[in-house]
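*Asks:* Give me the fold of what follows.
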Amino acid sequence: LLLRTKKNPKLILICPFKRCVKTIWDAKNWADLMNKIAKDNPDFKFVITGTKNDKESANDILNATDVKVKVKNLAGKIKSSKLAEVISSSQYVISSETSTVHIAAMTETKALCISNGNFYKRFQPIPSVNVTYVYTDDFDAEKESLDGENLNKYYYTTPYKTEDLSVEKVYKAFKKMTTI
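*Replies:* Numbering: from 1, shown residues only. Next comes the predicted model:
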């Protein structure tokens, strides 16, 4: 366990950015997800994290939301040394498959990981009750048959694209994770 800070019960940390094109979920999808969450949970606020190179993309997400007043763009503003503290103080984390998910697990922060299945059985799924994974339908259908010789088939990459993951599927996974 890295650290434990007081949770902000109304804060959701969003970490949408990856460098691999196949693992990027569109800005509109992130915005639509935040809109759905905010509609059902008007007290929630969102923080978007990322590097300084992600500021513009974070603004694209922010500008695509209907709830701009509830979203703060902190891309490029959080030092790496403070990220664990920010994650730990969040009630929930919704992230692409990044170190953010691993830090959430270590800080006992509930996290939802949006994934196309890359690095399956290598870096994920993390054995943590706090992390929920949501995969593309194609990967979900195939992962059940991954055993024995083909267990490490997607140890590095999959042919699936995160953009094929529907907002509705991610939202349902969030609702289930949060028991809202």
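*Asks:* Which parts of the protein are helices?
*Replies:* Assignment of helices within the chain using DSSP state H yields the ranges 27-40, 55-64, 80-89, 99-106, 137-143, 167-178.
*Asks:* looking at it, residue 14 is touching residue 50, isn't it?
*Replies:* No. Using Cβ atoms under 8 Å, residue 14 makes no contact with residue 50, being 9.1 Å away. Where C-beta positions appear, they are placed from N, C-alpha and C, glycine not excepted.
*Asks:* who's more crowded, those two?
*Replies:* Shown here are residue 14 and residue 50; by other Cβ atoms under 10 Å, residue 14 has more neighbours (27 against 24).
*Asks:* and the more buried one, what are its bridge partners?
*Replies:* Bridge pairing for residue 14 (DSSP bridges) gives the partners residue 48, residue 94.
*Asks:* From residue 147, how far off is it?
*Replies:* Here residue 14 is placed at a distance of 34 Å from residue 147 (Cβ to Cβ, to the nearest Å).
*Asks:* Ok, residue 162 next?
*Replies:* From residue 162 to residue 147 the distance is 24 Å (Cβ to Cβ).
*Asks:* ok, residues contacting the least confident helix or strand in the chain by mean pLDDT?
*Replies:* None of the helices or strands of the chain scores lower by mean pLDDT, DSSP states H and E than helix 137-143, at a mean of 83. The contact list for helix 137-143, computed with Cβ atoms under 8 Å, 6 or more residues apart in numbering, reads 115-117, 120, 135, 154, 158, 160, 164-165, 169.
*Asks:* so which two of those residues are the farthest from each other?
*Replies:* Farthest-apart pair in the contacts of helix 137-143 is 154 and 169; separation 19.1 Å (Cβ to Cβ).
*Asks:* before we move on, the earlier item: top of the contacts of helix 137-143 by neighbour count?
*Replies:* So for these (other Cβ under 10 Å), the most neighbours sit at residue 116, 28 neighbours.
*Asks:* List the contacts of it.
*Replies:* So residue 116 contacts 22-23, 97, 135-136, 139, 158, 160-162, 164-165 (Cβ under 8 Å, 6+ apart).
*Asks:* Now intersect these with the strands, please.
*Replies:* Judged by DSSP state E, those include residue 135 as members of strands.
*Asks:* how near is residue 96 to residue 145?
*Replies:* Distance, residue 96 to residue 145, by Cβ to Cβ: 25 Å.
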